[in-house]
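>>> I need the structure of the sequence given here:
(2 chains)
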Amino acid sequence: MKPEGKKRIWAEYQKEIPDDHFFYVRSCIRQTFFAGSEQCFLKIMRDDLGKDVFEDPRHTTCTGIGYHGDIVPFETIQTVVARHFALATEAGYKNIAISCVTSFGIYTEILETWKHFPETLERTREDLYRATGRTFEIPETISHASDIIYKFRDQIARKAKYNLVDISTGKPLKVVEHIGCHYSKMFPKSGIGGAEFPHVLVGMVEAWGGDIIDYPERRHCCGFGFRQYLVQANRGYSISASRKKFESMEPYQPDLIIGNCPGCAMFMDRWQYTIKEMDGITYGKNGQGIPVLTYEELAGLVMGYNPWELGLQYHNVQSMPLLRRMGIKADPAERFLAKDGTRLPEPANLINE
Amino acid sequence: MEDLYARLMQDIRFDEGLNACMNCGICTGICPAAEYYHYDPRRVVDLVQTRNNQIIRELLKSETIWYCGQCMSCKTRCPRGNTPGLVIMALRKLSQELGYFTESEKGRQQFALKRTVGDNVLKHGYCVVSYDVDPEAHPEQGPAWEHYYNHLDDSLARLGGELNGKEGPTRRISDDVLNELKSIFEVTGGKDLYDAIETASEKKAGEMGLEFKKEGRDFEYFRHVVTADNGCHQSEPEDVRKDLYETRR
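Residues are numbered from 1 along each chain as shown, chains lettered A, B, ... in the order given. Next up is the predicted model:
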């Protein structure tokens, strides 16, 4: 095939990601379970890359878990998101950076709906004005925060203190990447690489020296399923989907898993603990669990951030084996500290202790 | 009988999610819910596009429409650009508006979602809040979460946050902002849907002889809906399947 033909085909899988000036919207799940990840993203963007990222404390949930739990109507979530656009408009920002994949899917769905059904946009404008007196401009760009780290992956690589390389063998670490379903399965053009070849995490891993594992259930859902996890009686659905993925990736002996979705990363950590408790099974090398990191945590490690300030100790599958492979010196005794620096009692039954 | 198909057509997600299904079944092939439950999105779409209101009513009362996990993998694969997951969302909305959701075990769980995620949104401004993820109710969250939960202030401070602080992660959402959210729910039908779920659930609790309270989660009906499992979801109950087939004939 001629190069221009290839270029044309791959053009469909590209996405414009702005260079600077972002209005950042946090995630309910990310800030609850991985507060250090969001802080790491902001620190890398502001302190290491010198970018302008604005936050407004009046930003709320997008209600996305309620929407996909079917208790929040589409009209309601459109208006809540329109309020976020109003806050961005008031602050003078045109680029939205979204922490959550569920939110990212919703923002994308809403913008597509407004494009194809303009009457829904008009109704949303009226509803927002009636409810809050606010007006808004439609943002020029919508990026998931992982899109932005992807854009700056080479700059991060140039500043890296550590690589995704096993220092004892000199070989690249083997990485499983898991893309949240709502990143690009619904609207392939909204994600880098579309739904078929999502490249957002692959690009980071390869830029930082690691190798990607291509395993059969790579694109299978983690199993969150909204009501399927949130309601106790349904959790068998959720754990079964993750287990299917673990069994599929196990033969490739991954060193770590990274995810771009707050929920997926949390579930793939939690279900490894649950499966070990229920059946005594682990899926990593030498009977260990596979550490599950957010892409922010991985970027932070590469940049030399303190793993315990990133929050790696708050994962059931501990990361000490991974840190040793990467040559990162971190004292496990420093993991659980109180505000005053005193040591808190350590939790029992963590994996990889 | 009310024209339920016309009601579905009023939902823009239904309009967008269903063009003309040729019943190839690729949605069922890719569907995680179809692997776990006795669930077949191809059949749901096939039944809906009959436009038969009796069939649609049975679906609205059935367990079937509550099995989907809304991963939307079906959207990626459908050669006709349909989204069975969106059709399911429209069916679920209508089922709740008409009070039919309490006729199925999985449907009754909507009450639990309203009392947890739904109430969190309007009380705290978030769908999920750390102090609400009680390790006793969430044993799967494991020892790392239990430690985090028991030392929330210390843990968050280490990560650069403050519980109910002015800004940053897990900041407190001010009353002014919560009032804006409440107003949005009132103007856009969000409150009406919450009320519909509450009203039908209270009625059902009465029919089942289970204690019901207007607030909170510590009472019989709530505990029942979050834990009940009749053991038939991996193989669809015979009566539902029979009803669907007979109605269709």
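
>>> From A:F226, how far out is the residue nearest the centre of chain B?
Geometric centre of chain B, nearest residue: B:Q110, 5.4 Å, by C-alpha atoms, centre = their mean. Distance of B:Q110 to A:F226, computed by C-beta to C-beta, to the nearest Å: 12 Å. No exception for glycine: its C-beta is placed from N, CA and C like everyone else's.

>>> Then A:P307?
The gap separating A:P307 from A:F226 is 31 Å, by C-beta to C-beta.

>>> So chain B: which segments form each domain?
Listed by automatic domain parsing, the domain ranges of chain B are B:4-106+B:231-248, B:129-172.

>>> quick one: which of these is nearest A:D340?
Comparing the domains of chain B against A:D340 with C-beta to C-beta, the closest turns out to be domain B:129-172 (8.7 Å).

>>> Tell me which residues touch the residue of chain B found nearest chain A, please.
Relative to chain A, the nearest point of chain B is B:G69 (2.7 Å; C-beta to the nearest C-beta). Neighbouring residues of B:G69 by C-beta atoms under 8 Å, 6 or more residues apart in numbering or on different chains: A:C221, A:G223, A:F224, A:G225, A:F226, A:R227, A:Q228, A:Y237, A:A241, B:P32, B:A33.

>>> ok, so of those residues, who is nearest B:R172?
Nearest to B:R172, judged by C-beta to C-beta, of the contacts of B:G69 is A:F226 at 25.7 Å.

>>> Does the closest one touch B:C68 like I think?
No - if you go by C-beta atoms under 8 Å, A:F226 and B:C68 don't touch, sitting 9.3 Å apart.

>>> which of the two has more neighbours?
B:C68 (30 against 24; other C-beta atoms under 10 Å in any protein chain shown).

>>> If I look at A:H315, what pLDDT would I see?
Looking at A:H315, its pLDDT reads 98.

>>> What strand or helix carries the residue of chain B closest to chain A?
In the assignment (DSSP states H and E), B:G69 maps to no helix and no strand.

>>> so what's the nearest residue to it once chain neighbours are set aside up against?
Setting aside the residues directly before and after it, B:G69 is nearest to A:G225 in space (C-beta to C-beta, 6 or more residues apart in numbering or on different chains), at 2.7 Å. Remark: with contacts taken as C-beta under 8 Å, 6+ apart, A:G225 is in contact with A:N234, A:Y237, A:S238, A:A241, B:P32, B:A33, B:G69, B:Q70, B:C71.

>>> A:E334: which of these is nearest?
Of all the contacts of A:G225, A:E334 sits closest to A:S238, with 33.0 Å by C-beta to C-beta.

>>> now the contacts of B:G69 as TSV including pLDDT?
Putting these into TSV (pLDDT from 0 to 100) gives the following:
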residue	pLDDT
A:C221	97
A:G223	97
A:F224	97
A:G225	97
A:F226	98
A:R227	98
A:Q228	98
A:Y237	97
A:A241	97
B:P32	97
B:A33	97
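
>>> Kindly give a single PyMOL line that selects the buried subset of those residues.
Buried members of the contacts of B:G69, defined by 16 or more other C-beta atoms under 10 Å in any protein chain shown, are picked up in PyMOL with:
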select buried, (chain A and resi 221+223+224+225+226+227+228+237+241) or (chain B and resi 32+33)
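
>>> for the contacts of B:G69, which one is nearest A:A97?
Of the contacts of B:G69, the one sitting nearest to A:A97 (C-beta to C-beta) turns out to be A:F224, at 22.2 Å.

>>> Isn't the closest one up against A:C264?
Yes - applying C-beta under 8 Å, one finds A:F224 in contact with A:C264, separated by 6.9 Å.

>>> what about the helix or strand hosting A:V302, average pLDDT?
Per DSSP H and E, A:V302 falls inside helix A:295-303. Taken as a whole, helix A:295-303 carries a mean pLDDT of 98.

>>> For the next helix or strand after that helix, which helices and strands make contact with it?
Using DSSP H and E, the helix or strand that directly follows helix A:295-303 along the chain is helix A:307-310. If you count contacts as 3 or more C-beta pairs under 8 Å, 6 or more residues apart in numbering or on different chains; DSSP states H and E, helix A:307-310 packs onto helix A:35-43, helix A:295-303.

>>> which other residues reach the helix or strand just after helix A:307-310?
Next helix or strand after helix A:307-310 toward the C-terminus (DSSP H and E): helix A:320-326. Applying C-beta under 8 Å, 6+ apart, the contact partners of helix A:320-326 are A:162-168, A:173, A:255-256, A:284-285, A:288, A:291, A:301, A:307, A:329-330, A:332, A:352.

>>> go on, stretch B:123-135?
By C-beta under 8 Å, 6+ apart, the surrounding residues in contact with stretch B:123-135 are A:28-29, A:32-33, A:60-61, A:63-66, B:116-117, B:120-121, B:141, B:145-146, B:148-149, B:152, B:163, B:170, B:173, B:177-178, B:181.

>>> Show me just the buried residues among these.
When the contacts of stretch B:123-135 are checked against 16+ other C-beta under 10 Å, the ones flagged as buried are A:28-29, A:32-33, A:60-61, A:63-66, B:116-117, B:120-121, B:141, B:145-146, B:148-149, B:163, B:170, B:173, B:177-178, B:181.

>>> if I look at A:P291, how far off is chain B?
Shown here: A:P291 relative to chain B, a distance of 12 Å by C-beta to the nearest C-beta, to the nearest Å.

>>> how many neighbours does A:E217 have?
Neighbours around A:E217, by other C-beta under 10 Å: 14.

>>> Spatially nearest residue to it (excluding sequence neighbours)?
Using C-beta to C-beta, 6+ apart, the closest residue to A:E217 is A:S248 (3.7 Å).

>>> Please name the residues that touch A:Q232.
B:A137, B:V226, B:T227.

>>> So it versus B:F111, what's the distance?
For A:Q232 relative to B:F111 (C-beta to C-beta), the value is 13 Å.

>>> got a list of what the residue sitting furthest away from the middle of chain B touches?
Centroid-distance maximum for chain B: B:R158 at 35.1 Å, with C-alpha atoms, centre = their mean. When contacts are counted by C-beta under 8 Å, 6+ apart, B:R158 touches A:G36, A:W308, A:E309, A:G311, A:L337, A:K339.

>>> and the closest residue to the fourth one other than its chain neighbours, how many residues sit next to it?
Using C-beta to C-beta, 6+ apart and skipping residues adjacent in sequence, the residue nearest A:G311 is A:G36, 3.2 Å away. Applying other C-beta under 10 Å, we find 32 other residues in the vicinity of A:G36.
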